[in-house]
Each structure stands twice: as structure tokens, then as C-alpha cells.
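J.: sequence isn't available, so here's the structure alone:
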């Protein structure tokens, strides 16, 4: 059984460390920031490879275009900013200057979702998965912990084409430190087998879902938990296989219920295996200020709230 | 090539522009014709390029930030030997390699997909930065419209280019004075263009962009040792070379009918004859 450790690490930390580590082997790796290197944790890379770190100033649209230009010349640029600005401010630059020419640019988006906390609604990006997965050829990944975040950075470096990586600000528990863990783009991971309902979770919500599954077990509900780290391309086969068994799906994400994991799973099931789906996330509204923990509780995303919500839905 | 040979080629490029837009019944002749002399100078005299090896990593790069004037680029590339001039008649048609706005993965010789205004200068800056990082000596050219520089991203890119001393980058502003809704000065004035780029730490020169000797002088200016990028503000005539299109904002994005097409070709043939005499 997968164990949730007491060690907590923010995936943005893992991102910075992975870049600094991989920079040794990947000489074409260039990291770009828009005055947020301290917050996106790419400052670790900057310290190790000052010549390969470019600070573009507070100009995300420009940073996106510069990365595109670098990529046409054989570089592998990572552009780093908060998810709000790495997918929202520069959406059209990502679409037209990176997506359309299918350039080898990676987007490292930190501070995604509600767990941004105190900064409030303007900085809590709940729409990035929806935006990014609508761009043809874009790979979209939401790592669930430190180990997966590092594996994802390596994996997108080894693939050709644009990729969006979503990282969190808040420290989150490590649980992928089990034997046999393997990260493969587009392949979901069954973390807990069950027969009554499938919980498809991504990012920060994976650990909460594992905890919720334990609580559900106490209530006599046997939940399967699947980590969908790759939102696009989604693991259709696994979604269908699991729901063929459990007949019911719950999606869990720190994102709007519109356009992200919930929509992706609904698209697969409605076309191939029409089944009841409960989408859990943020319900078509903006966030607000508060600590990450207070917000998670307020929006009903902690394991206790998830358990009662899912239990009520299954009745 | 000497100036007369270049002028002859520019006239052939103009014929290709008119033919492409006429064949498509769609496209942007005005800003393609205004920049035809610059396109010609870049691809036939200035740039280190080889049509047989369009992906040479050491080649000079060109980014057409005002991507709607793709007929100008396509006609230049065709005349330069990247593909057959006949292919210009496929412009904007289903299945063509010559998309309405440039697509780098479709058309040989196109260094960047472009067309959403304001984005090209950032990309050009990224290419220039890559040359610096790799200690390579290739140069990067970016052509912008005068209306296009109303886009804020242009100034983000200008600030970055000046701050990073990208002296291997030249931005050319096609100052034909007209944009879709009217004169640039009336819609939302961009003037003074020169002072703006100077303030962003560019070396700036203003030339007549429809005069080969002036264009030649502009690049001699760009070659002077400096740690700054260069901005060439070229005063041009929108629709240059086709009498009824010149300085007419209506020809920004309109295709000629058969009669107009025949008249345009006749005028350009006349210009060719006198240049070749």
C-alpha cells in the first residue's frame, strides 16, 4: 500500500532542484524567468548555471516569444512564472508562437490552484489546465509530489514539443517513494485498487484522495484511486478499464471543474463508456485570500470533506 | 547585385505578390508591395542563406512579424529559389504550403510562424540571444509594420533587446503610414518612432525604403561596431509599384479583380522593361 510520508515538499522546490540537476547533462537547457526566479525556485538553476538563466523582467508575453526564438535555434527553454501568467497572460503567445509551430518549449508554471493561499483570487489560477489542453500538440502534466515533479521535468526534457508543467506553492506530502514507481507521460497510476468507485485525482489532490479512500473504507466503500498526472494526453485506456469495473467516477483537482481533469475524464467516458461522474474542484467561481489549509477546507477539498461528499453522492 | 539588378528583382517580386493575391482572391498586397525592395535586398544581397540548405544552423534569420504581408516573403523566397514561382498561385488555397500567414513547418525558408501582430520581435530577440549564447555570428532581422508597433509586446521585446545588447539584431519598421482603420497618425499615433527606439537603446536610422541605395546605406549603418541593436525606420509607399494601389488604405487587405490584376501586371512589366533597358 502507498504510504503518505510526513515529509512535505512544495513541487515548485522540486522543479528548481530538478532543473539544476539536469542542467549538467542537458547543455541546451535554458531557463527563463519574469522576475520571479526566487518564487519559482529556478534561482537554484540560476546559481548553478548563471549563463543559461535569462531574466526577462516582468514581461511574460515577451519571455514566451524569446523562448520560441531560442527553441528554433536548438535550445530547450523552460519558461517559468506563476500559472496565472504562464498560461493566462501569455495564452496567445503560447498558442501562436509555441503551439502552432510545435516548438520545443517547456512551461514551468508554479503557484497554481487554490493553495496559492493569501495572495487571493488574482493569483490563484484555476483555468490553466483548461487553457493549455485546448492547444493542439500541448502535453499537460500535474505532478503530485516531489518525486513525480522531478521525474516529470526529466520526462519533458526527453520529449520533443511543447509541454506545460503545473506546480504548487504549498508544501505537499511525499508518497511516490515506493518501490516500483515509474513515471511515464500519458500513463495514469493505480495507487489503490477498489471496486465501488474510481477516484481520478491530479496534483495536490492525489494525496488527499488516498486519505479520503481510507475514510471511505471505514464506511464500507471500496474506492480505487488513480493518479492522473498527465491531463493531456489522458490515459483513456486506464479510465475506461477502471470505470468498467467500478461503474462510477469521481474527479478531484485543485482547478475549476470546467475544462480540467473533470472535463477530460467526462469526455472519455461520455464517448466510450457513459457513466455517472462527480466532478470535485472549484465550482465556477474565483478564489479568495486565506491560508492554503483554510482554503482547502473552505472549498471542501480535504479528505474529510471529500469522504462525506463522495459518500452522499454514492447513495 | 548592383542597385539596378536588385530593382529588377524587386519588380519580379512585386509581380509575384500581385499574382499570389489575385490567385487567392484574398490577401494583403499593400504592405507586401511597400516592403518588396527590403525583402529583395535582404534575400538577394544581405543575408547569409542558402535555398538548398534552408535549415543551416549558421544561417541568418528573418522573422516576418507583420505576417499578413506573407505574399512579399513568399514571392521573394520563390524568386530566390526556395520553391517554384508557380507555387505562388496556390497561396491561401486548401492544402497549400503557402498559408495565409507564414508557417515555418510548411514553407521552406520561413524561419518562424507569425502573423498575430506584436509577437515576432520577441522571437527574433530569442534567436539573437541564441547566437550570443553559442558564440555564433549569424544575424537576425525582423520586419514590423508601423501599425503593428502599437502592440505592447513590441516594446517589451525592444526593452529586452536593448538591455541585453543584442547588436546582432535589426528591426525594420515599414512606415507606410497606413493601417486598416486609416492613417497610423490618426488611429493611434506611433510617432515619433525613432525617438521611441532610441529610448529603448537602439541605434536608429531613417531611410527611404523604396530606394535600393538608401537600403544599402541602412545596413552599412547597422554594421558599424556598436553594442546596441539597430532599428531601421523605412519610409515607404503602401502599394508601391501598382499605381492604383499606392497610398490607398483600401488595398491593405483586398485582392484585385481580373481587370485590375491585368493592369497591375502590365504596369510592372513596363517598369521591368525600363529597368532592363
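T.: Structure received. All of these numbers come straight from a predicted model, not from anything done at the bench.

J.: all contacts plus neighbour counts: C-alpha atoms, from now on.
T.: Will do.

J.: show me where chain A has its strands.
T.: A:8-9, A:29-33, A:53-55, A:76-82, A:106-110, A:139-141, A:163-166, A:172-173, A:189-192, A:197-201, A:223-227, A:230-232, A:249-256, A:277-282 (DSSP state E).

J.: residues making contact with the longest one?
T.: It stands for strand A:249-256. Outside strand A:249-256, the residues that touch it by Cα atoms under 8 Å, 6 or more residues apart in numbering or on different chains are A:113-115, A:125-127, A:129, A:197-206, A:209, A:243, A:260-262, A:265, A:275-285, A:310.

J.: what angle do that strand and strand A:223-227 make?
T.: Comparing the axes of strand A:249-256 and strand A:223-227 via axes from the mean of the first three to the mean of the last three Cα atoms, to 10 degrees yields an angle of 40 degrees.

J.: so what strands line up beside strand A:249-256?
T.: Strands that pair with strand A:249-256, judged by DSSP bridges, come out as strand A:197-201 (parallel), strand A:277-282 (parallel).

J.: so for residue A:59, which of those strands sits nearest?
T.: strand A:277-282 (28.7 Å; Cα to Cα).

J.: OK, contacts around the residue of the stretch 101-250 of chain A found nearest chain B?
T.: Using Cα to the nearest Cα, the closest approach of the stretch 101-250 of chain A to chain B is made by residue A:101 at 6.1 Å. By Cα under 8 Å, 6+ apart, the contact set of residue A:101 is B:103, B:104, B:105, B:112, B:113.

J.: burial of the closest residue to residue B:176 other than its chain neighbours, as a residue count?
T.: Spatially, and ignoring its direct neighbours in sequence, residue B:176 is nearest to residue B:236 (4.7 Å; Cα to Cα, 6 or more residues apart in numbering or on different chains). When neighbours are defined as other Cα atoms under 10 Å in any protein chain shown, residue B:236 has 24 of them.

J.: what's the answer for residue A:219, then?
T.: The number of residues packed near residue A:219 is 12, by other Cα under 10 Å.

J.: on that earlier part again, out of the strands paired with strand A:249-256, deepest packed?
T.: Stretch with highest mean neighbour count among the strands paired with strand A:249-256: strand A:197-201 (a mean of 28; mean count of other Cα atoms under 10 Å in any protein chain shown).

J.: the stretch 151-277 of chain B: helices as residue ranges?
T.: Under the criterion DSSP state H, counting those that start in this stretch, the stretch 151-277 of chain B carries helices at the ranges B:152-163, B:184-188, B:193-199, B:212-223, B:258-276.

J.: overlap between the contacts of residue A:101 and the residues near chain A?
T.: Applying Cα under 8 Å from any Cα of the partner chain to the contacts of residue A:101, one finds that B:103, B:104, B:105, B:112, B:113 fall near chain A.

J.: strands - which of those residues land there?
T.: Among these, no member falls in strands (DSSP E).

J.: which of these has the largest number of neighbours?
T.: Greatest neighbour count in those, by other Cα under 10 Å, goes to residue B:113: 27 neighbours.

J.: domains of chain A?
T.: Following automatic domain parsing, chain A resolves into domains at A:8-173, A:189-314.

J.: gap between the longest one and the chain center?
T.: The chain centre lies 11 Å from the centre of domain A:8-173; the measure is Cα atoms, centre = their mean, to the nearest Å.

J.: can you check stretch B:76-88 too?
T.: Worked out by Cα atoms, centre = their mean, stretch B:76-88 lies 16 Å from the chain centre.

J.: I'd like the mean pLDDT over it, please.
T.: What stretch B:76-88 shows for mean pLDDT is 98.

J.: and chain B, which residues reach chain A?
T.: Listed as neighbours of chain A in chain B under the rule Cα under 8 Å from any Cα: B:57, B:103-105, B:111-114, B:116, B:119-127, B:129-130, B:133, B:153, B:156-157, B:160.

J.: and the residues you listed, which are buried?
T.: Among the residues of chain B next to chain A, those buried by neighbour count (16 or more other Cα atoms under 10 Å in any protein chain shown) are B:103-104, B:111-114, B:116, B:119-127, B:129-130, B:153, B:156-157, B:160.

J.: isn't residue B:107 right next to residue B:101, touching?
T.: No: taking Cα atoms under 8 Å as the definition, residue B:107 is not a contact partner of residue B:101, at 10.7 Å.

J.: anything in contact with each of the two?
T.: Overlap of the contact sets of residue B:107 and residue B:101 (by Cα under 8 Å, 6+ apart) is empty.

J.: residues from chain A in reach of chain B?
T.: A:51-52, A:56, A:59, A:61-70, A:72-73, A:75, A:93, A:96-97, A:100-101.

J.: among those, which ones are buried?
T.: Buried among these by 16+ other Cα under 10 Å: A:52, A:56, A:59, A:61-70, A:72-73, A:75, A:93, A:96-97, A:100-101.

J.: list the buried residues of stretch A:148-167.
T.: Buried residues in stretch A:148-167, counted by 16+ other Cα under 10 Å: A:148-154, A:156-157, A:161-167.

J.: out of these, flag the one nearest to residue B:96.
T.: residue A:161 (23.6 Å).
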